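>>> Next come a sequence and a model predicted from it.
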Amino acid sequence: MRLNRFLSVSGIASRRAADDLIQQGRVEVNGRVVTTLGIQVEPDRDEVRVDGRRVRAAPERRYLVMNKPRGVVATRADPEGRTTVVDLLARAGIGGYFYPVGRLDYDSEGLLLLTNDGAFAERVSHPRYHLERTYEVLVAGVPDERDLGRLRRGIDLDGRRTRPARVRLLRTQPGRSGDRVLLEVTLREGRNRQVRRMCDAIAHPVDRLRRTRLGPLALGRMKPGAIRDLTPAELRAFGDR
C-alpha cells in the first residue's frame, strides 16, 4: 500500500495532506525518515510513525460536527498556544486523532466538520466538487444593490475572479456607530478568508461571520462549542459527492 494511502485510511490525513507530511520529513518507516513520495509499506509488518507517534491500524470511522466558537483555531495545533478545535474535543472527552475538514478562521464561528476518515475529508473538501458553503455575515454599513451585485457576479482576488455567489440581505441592525447589515452568502469555493476579502473589496468589512451550512449539512440550533456525531442520514447525504 502506498504510504500516503496508509496514512489516509488510518485517519491521519487526506492523501494530499499526507504527501505534505512526508515531504516535511515528519514520517518515519521502520525508524528511518521518509521524504520520497510513492513509497510502499506493508501495514501488518512495517512500523510507521508521524511526528514520533506510531500509526496504528485504521480506527472506527467517526464524523463530527462542531459549532466552532470565535477565538478557536481550526487546526490540530497552534504555534501561538491558542485554543484549538482538538482542545475542545479533549474537553468533551472525545479521544482519537481527528482533524478538521476545510477552513474556518480564528475570528469566525459556526459549522465545522471533523473526522478521522481521510478519504471522506478529501472527497468533501476537494475543489472539484464545488460544495456549497453558506454564511451569515454581519458587515459594517449598508451595501447597496450595486455592491451586492458585485458580490453575486464575482470579485477579482489575487488576479482571479471568484465564482458567482448567492447573496441575500437578511436585515439591517441600527447601531450607535452606524447601521450594519446581516447578509446570507453562499459560495461554491473556499479560498482563504474569501468572504472577508470579498466584503473588504466593496468597502463593507465583516464584523462577524458564522458558517451555517456545508453542502447538505446545516448547523441548526447547536450552541457555540457543542459537538455531535453526524447522523446516518447526514452522512449518506454526503455520499454522492
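Done, it's in.
>>> Could you check how far the most centrally placed residue in the chain is from Ala17?
Centre of the chain computed as the mean C-alpha position; nearest residue by CA atoms, centre = their mean is Gly102, 2.1 Å away. Counting by CB to CB, to the nearest Å, the separation of Gly102 from Ala17 is 12 Å. The C-beta positions use only the backbone N, C-alpha and C, and glycine is treated the same way.
>>> cool, and Val181?
Taken as CB to CB, the spacing of Val181 relative to Ala17 amounts to 37 Å.
>>> ditto for Glu60
Glu60 sits 21 Å away from Ala17 when distances are taken as CB to CB.
>>> now do Asp46
In this structure, Asp46 and Ala17 are separated by 20 Å, where distance is defined by CB to CB.
>>> Would you map the helices across this protein?
When secondary structure is read from DSSP state H, the chain shows helices at 3-9, 15-23, 85-91, 118-125, 145-153, 194-201, 232-237.
>>> pull the helix or strand with minimum mean pLDDT from the chain.
Every helix and strand of the chain was ranked by mean pLDDT, DSSP states H and E. The lowest is helix 118-125, at a mean of 83.
>>> Output the contacting helices and strands for that helix.
helix 3-9, helix 15-23, strand 99-101, strand 109-115 (3 or more CB pairs under 8 Å, 6 or more residues apart in numbering; DSSP states H and E).
>>> Tell me the buried residues in the longest one?
Residues of helix 15-23 classed as buried under the neighbour-count rule (16 or more other CB atoms under 10 Å) are 15, 17-19, 21-22.
>>> ok, the nearest residue to Arg180 once chain neighbours are set aside - how many residues close by?
Using CB to CB, 6 or more residues apart in numbering and skipping residues adjacent in sequence, the residue nearest Arg180 is Gln173, 4.8 Å away. Number of residues near Gln173 (other CB atoms under 10 Å) recorded here: 12.
>>> now do the one 5 residues further on
Other residues within reach of Gly178 by the criterion other CB under 10 Å amount to 9.
>>> Pull up the gap between Arg91 and Thr83, please.
According to CB to CB, Arg91 and Thr83 sit 9 Å apart.
>>> With Arg5 instead?
Distance check for Arg5 against Thr83: by CB to CB, it reads 32 Å.
>>> for Asp156, same thing?
Using CB to CB, one gets 35 Å for the distance from Asp156 to Thr83.
>>> Might you report the residue contacts of Arg54?
With contacts defined as CB atoms under 8 Å, 6 or more residues apart in numbering, the neighbours of Arg54 are 47-48.
>>> can we see that at 10 Å?
By CB atoms under 10 Å, 6 or more residues apart in numbering, the residues touching Arg54 are 28, 47-48.
>>> related to what we said a few turns ago, and the least confident helix or strand of the chain, C-alpha only, in CSV?
Output of helix 118-125 as CSV, limited to C-alpha atoms (Å, rounded to 0.1, in the frame of the first residue of the first chain):
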residue,chain,number,x,y,z
GLY,A,118,-9.0,10.8,5.3
ALA,A,119,-10.8,9.7,2.2
PHE,A,120,-14.0,11.3,3.3
ALA,A,121,-12.2,14.6,4.2
GLU,A,122,-10.6,14.7,0.8
ARG,A,123,-13.9,14.0,-1.0
VAL,A,124,-15.8,16.7,0.8
SER,A,125,-13.1,19.4,0.7
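>>> That helix: which residues count as buried?
118, 120-125.
>>> Likewise for stretch 131-148?
In terms of neighbour count (16+ other CB under 10 Å), stretch 131-148 has its buried residues at 131, 133-140, 143, 147-148.
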